[in-house]
Each structure stands twice: as C-alpha cells, then as structure tokens.
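**Q** my questions are about this predicted structure, shown below with the sequence.
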Amino acid sequence: MRARGHHLICLHFFKGEGYTEEFVDNLKSFLENVRKQEIEIVVGADDVCIACPNLEDGICNKGEEDIMELDLLAMNLLKVKPGDRVGWAEVESKLDEILKIWKRYACFDCEYSHVCGKDERWKQS
C-alpha cells in the first residue's frame, strides 16, 4: 500500500465522510487493508488519492503545493521519508506526541477539522 504523508495522520480520524461515495468506499477499503500490510511512503498521489474527484493527471486540483507541504510536515513529525515502509500501528503509536504540533500547523483551515474534532484522542491533544 502507498500513502502520502498527511494521510498517515489524517486517516486515523476518518469517520466515513468524504467528497464522494466512491472516495469514501476507497478510504474504507484502504483502512481495512492497511492494518494487514506495510505502507510505502510516497511523494504525491497515493492509494487514497486514486478515487478522489480532485485528482487530475496525478495532481490535486485543490492545491497540490499546499498538500505537499502537509505531507512534508507529516513525514518530519513521524520521522519517515519517501521510500520508507512502516506499519499502521507504528504510525498510530506516534500520534499522541505529534498531534498538538500537527493541529497547530495543518488543521486550522482544513475542511474536515470538524470531523476530527469529534474524536477523543483529538480533543485530548
């Protein structure tokens, strides 16, 4: 499985909401399978992005540069780099120590922050 940086953090707070039904179904499938295998860290579009209606020719039309900055921040906080392979549980084990910083720099204008805000872990960080 392939994942870009910000998906390594954000998908821990997925609550069944998304752009389209196809996108949500892909997210659910990704999350079912990600616990069974390693994740390869990638730059750019990943296995989550493939069903996103905002993906055009491998680029996010909602602001690829901004998303790449989020990816870089996530990778730095998680201490991973493109090409690394990690387990979902390994990423999850790092969330408590990085969430406060992540929220400060990545979530202030995110359209899904109201979803994450319902999560107990999110509230406590």
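**A** That came through, no problem.
**Q** tell me the contacts of residue 78?
**A** 5, 8, 9, 86, 91, 94, 98 (C-beta atoms under 8 Å, 6 or more residues apart in numbering). For the C-beta atoms, the positions are set from N, CA and C on the backbone; glycine is no exception.
**Q** one more time with 10 Å, if that's ok
**A** If you count contacts by C-beta atoms under 10 Å, 6 or more residues apart in numbering, residue 78 has them with 5, 8-9, 41, 84, 86, 90-91, 94-95, 97-98, 102.
**Q** the residue of the chain positioned farthest from its centre and residue 31, how far apart?
**A** Distance from the C-alpha centroid of the chain, by C-alpha atoms, centre = their mean, peaks at residue 57 (20.0 Å). The spacing between residue 57 and residue 31, counted by C-beta to C-beta, to the nearest Å, is 26 Å.
**Q** go on, residue 24?
**A** According to C-beta to C-beta, residue 24 and residue 31 sit 11 Å apart.
**Q** what do those two both touch?
**A** Joint contacts of residue 24 and residue 31 (C-beta under 10 Å, 6+ apart) are residue 14.
**Q** helices or strands next to the helix ranked longest in the chain in the packing?
**A** Counting residues, the longest helix found in the chain (DSSP state H) is helix 88-106. For helix 88-106, the elements it packs on are helix 5-10, helix 21-34, strand 39-42, helix 64-78, helix 113-116, helix 120-124, judged by 3 or more C-beta pairs under 10 Å, 6 or more residues apart in numbering; DSSP states H and E.
**Q** return the most buried member of these.
**A** helix 5-10 (a mean of 24; mean count of other C-beta atoms under 10 Å).
**Q** gap between that one and the chain center?
**A** 2 Å (C-alpha atoms, centre = their mean, to the nearest Å).
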